[in-house]
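Trainee: Predicted model, plus sequence, below.
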2 protein chains.
Amino acid sequence: MIKIAVLGYGTVGSGVVEVLSTNYEKITQRARQEIEVKYVLDLRDFPEDPVQEKIVHDYSVIAKDPEVSVIVETMGGVNPAYEFVKEALERGKSVCTSNKELVARHGAELLEIAKEKKVNFLFEASVGGGIPIIRPLNQSLTADEIQEITGILNGTTNYILTKMAREGVSFSKALKEAQEKGYAERNPEADVEGFDACRKIAILTSLAYGMQVDYEDIYTEGISNITDVDISYAREMGASIKLLGTGRKVGQKVYAMISPMLLNSDNPLFSVNDVFNAIFVRGNLLGDVMFYGAGAGKYPTASAVVSDVVDAVKHLGTNIMTIWSSQKLELADKGEVSRRFFVRVPSAQENKARELFGDIQEIDAGILGDFGFTTPFITEKEYEEKAKELNVRRMIRMDF
Amino acid sequence: MIKIAVLGYGTVGSGVVEVLSTNYEKITQRARQEIEVKYVLDLRDFPEDPVQEKIVHDYSVIAKDPEVSVIVETMGGVNPAYEFVKEALERGKSVCTSNKELVARHGAELLEIAKEKKVNFLFEASVGGGIPIIRPLNQSLTADEIQEITGILNGTTNYILTKMAREGVSFSKALKEAQEKGYAERNPEADVEGFDACRKIAILTSLAYGMQVDYEDIYTEGISNITDVDISYAREMGASIKLLGTGRKVGQKVYAMISPMLLNSDNPLFSVNDVFNAIFVRGNLLGDVMFYGAGAGKYPTASAVVSDVVDAVKHLGTNIMTIWSSQKLELADKGEVSRRFFVRVPSAQENKARELFGDIQEIDAGILGDFGFTTPFITEKEYEEKAKELNVRRMIRMDF
């Protein structure tokens, strides 16, 4: 019998308690022993809920109890999650977390402590909700040099973009509906400006390349500027607009970015719609693999946390995670990366655009007064220099 | 330094040797030690290849060498692979194999021996080539009851069906092109009749439900009867025809089947094209996840084998695989499963079809003399009884 504690009885924390009870038999068989929740830490009381008898308000009760060998952290935010997790690891307890902010900021250090203490710091649920990606990156894609890892990492923005593409509605209308359905927060900034996806790609890139990627260093562009006019152009190209997070090797460097991207149907991410997430990985010998599933939601996320708990229980006393070093990975300048760009300018600038970019391809979406085109393959730096001479209404990077 | 032996220097075996050398640094870092190929077992000699100095013709040299702690089996076929693998495990060596035939037939027994001997029997490459699916099933989807596992498990047939759908060509023409490109064998029976996919779904179903599924018990229907006329009907429905392998819980039983299936665009397998494979898993709390990638090919498959070698090396002395019991899983009769059916009969039988099936939906693909329709949801047994009274030209099961 293994005793665990859950920090935070919110959506994911209560989901973890529920998953452990609903799938008790299967989980016991997989973990090869029973798992019992001994404590749940929360500031609140839950008098109507049987969890009440396990509720404690003081973390030190949990930290000091030698019977607790695994701690689940689902509080979110960096403080006090960081202090709690660090203390747990130092006391020889394994930690399973869904907290992307914590992992992106302190992952390297916490992994290092876990390794020293021969315990585990696991965070499958911090990226892609229920999609297994952290463990496959660590344990399955071990024979390959990762050349690229790219994902649709945020369900809210994918829902909004899917809605805009299917129904031709505006960004604000699609956002409003996402809020009504509970897919978007009342303050949607973290999602729509790409900050959530940015923390996730920081984690994936750090793991894939084994060094610390600070999310503040990642160029991040959200979707709040995307309009129904842009969507019309995408449709005209047979393309879809997705908010992608990418970490990619370019020569000896790695570059990372969050931005809207035009994809055509050759890309397996093209048809990942609604609130689904997917993560695409390219290995030098393996080729392309993709992992797809529910990127958020109470039960998918809780299921991923519990799969970590099972792994922690199976590996008490053995550290299993590959580490990423706290040495900072110097990211390549996005200006160095070559691709095609979709650009819209006032139609009066058609000739100027042709002069500047040379071999362009016009896209006619029937928008009066607008000239839309795609550039040849050029570096982003070249693009920026030329674009200065135009009144660019929109630029969207292309993946084809 | 860990010494390994490779049994069979064919496509996958030589790929394994190459992957270990090409990605030496990354692999050493992941395995936390160097991995050296000490022997390669093959009946042939390779005088032009540096591997020649490692070639042995007698398996007992390898089996008896205590320095060899991991054995890679890429010979294929059941004999002598089974005897070799069994001896290796009994002598305390871990085995990593790409041999689906061996795993489907003797997996339960070999896993049991590995467990007793505290070594590992790993077979990531036996299903889905480079796609990580065996390890995720064992180590990531551990918090869930698996309700369904369905996959496009054979690249050759998927290539043929994609070609037929895109270009409107006949089965035989698409097969011929697959053979010219090296995607299909000269004797394509194992692929086109579904036998290859059948072994793979037997492995996945055994793992998902923890009991032995004998592939001889699985109803298996290939694609050699699918015509361009069927494809026209599929297009008319906005559907695609895929060869699917399925293991699914129905009540307290599991049923398993290989057959062509009509999918619409709501299914994430809908747009898995060409030689790609994908495996979809539904958990009771996790919801749907999908794993996508190259289902075959020298390097993807070899990469998957090497990821097993890395895992075996990291876990010397510890058994990590969940076992499936050799107790036979009694499969549900396919007659009990309900779904819709697409059916084509001579147009003279339209009225009879309407009488028999009631609420049908006509599909008009402009085929003279043909009446195409979809049935309401009925069990396969009901369908079969009614179909006896018609001259059915084609029946294809539907997933929507």
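Mentor: Thanks, I have the structure now. Numbers count the residues shown, from 1 in each chain, chains lettered A, B, ... in the order given.

Trainee: drop to CA atoms for contacts and neighbour counts, all remaining ones
Mentor: OK.

Trainee: Now stretch A:199-214: average pLDDT?
Mentor: For stretch A:199-214, mean pLDDT is 96.

Trainee: So is that stretch next to chain B?
Mentor: No: under the criterion of Cα under 8 Å from any Cα of the partner chain, stretch A:199-214 makes no contact with chain B; the nearest approach is 10.2 Å.

Trainee: So what touches that stretch?
Mentor: A:100-101, A:103-105, A:108, A:126-127, A:134, A:137-138, A:146, A:149, A:151, A:153, A:215, A:218, A:245-247, A:256, A:323-331 (Cα atoms under 8 Å, 6 or more residues apart in numbering or on different chains).

Trainee: Quick one: buried ones out of these?
Mentor: A:100-101, A:103-105, A:108, A:126-127, A:134, A:137-138, A:146, A:149, A:151, A:153, A:215, A:218, A:245-247, A:256, A:323-326, A:329, A:331 (16 or more other Cα atoms under 10 Å in any protein chain shown).

Trainee: Can you name the residues that contact the closest residue to A:A114 other than its chain neighbours?
Mentor: Among residues not flanking A:A114 along the chain, A:N120 sits closest, at 5.2 Å (Cα to Cα, 6 or more residues apart in numbering or on different chains). A:N120 is in contact with A:L89, A:K93, A:S94, A:V95, A:C96, A:L111, A:A114, A:A312, A:T318, A:N319, A:I320, A:M321, counting by Cα under 8 Å, 6+ apart.

Trainee: which secondary structure element contains the first one?
Mentor: Pointing back at A:L89 there. For A:L89, the host element (DSSP states H and E) is helix A:81-90.

Trainee: sorry, back to before: which among the contacts of A:N120 count as buried?
Mentor: A:L89, A:K93, A:S94, A:V95, A:C96, A:L111, A:A114, A:A312, A:N319, A:I320, A:M321.

Trainee: hmm, back to that, pull up the pairing partners for whatever helix or strand comes next after the helix holding A:L89, direction included.
Mentor: Next in sequence after helix A:81-90, counting helices and strands by DSSP H and E, comes strand A:94-97. Neighbouring strands of strand A:94-97 in its sheet, by DSSP bridges, are strand A:68-73 (parallel), strand A:121-122 (parallel).

Trainee: if you compare the ones you listed, which one is most tucked away?
Mentor: Counting by mean count of other Cα atoms under 10 Å in any protein chain shown, strand A:121-122 has the highest mean neighbour count of the strands paired with strand A:94-97, with a mean of 28.

Trainee: For stretch A:146-163, buried residues please.
Mentor: Under 16+ other Cα under 10 Å, the buried positions of stretch A:146-163 are A:146-163.

Trainee: Narrow these to those in helices?
Mentor: A:G155, A:T156, A:T157, A:N158, A:Y159, A:I160, A:L161, A:T162, A:K163 (DSSP state H).

Trainee: residue contacts, the first one?
Mentor: A:G155 makes contact with A:Y183, A:D274, A:V275, A:F276, A:N277, A:G295, A:A296 under the criterion Cα under 8 Å, 6+ apart.

Trainee: Which of the helices or strands spans the last one?
Mentor: Taking DSSP H and E as the definition, one finds A:A296 inside no helix or strand.

Trainee: before we move on, what SS does A:V103 have?
Mentor: Secondary structure, DSSP: H, G, I helix; E, B strand; the rest coil: A:V103 is helix.

Trainee: all strands of the stretch 201-350 of chain A, in order?
Mentor: For the stretch 201-350 of chain A, the strands defined by DSSP state E, counting those that start in this stretch occupy A:211-212, A:219-220, A:240-250, A:253-263, A:276-283, A:287-294, A:325-328, A:338-339, A:341-346.

Trainee: Alright, I will stop here.
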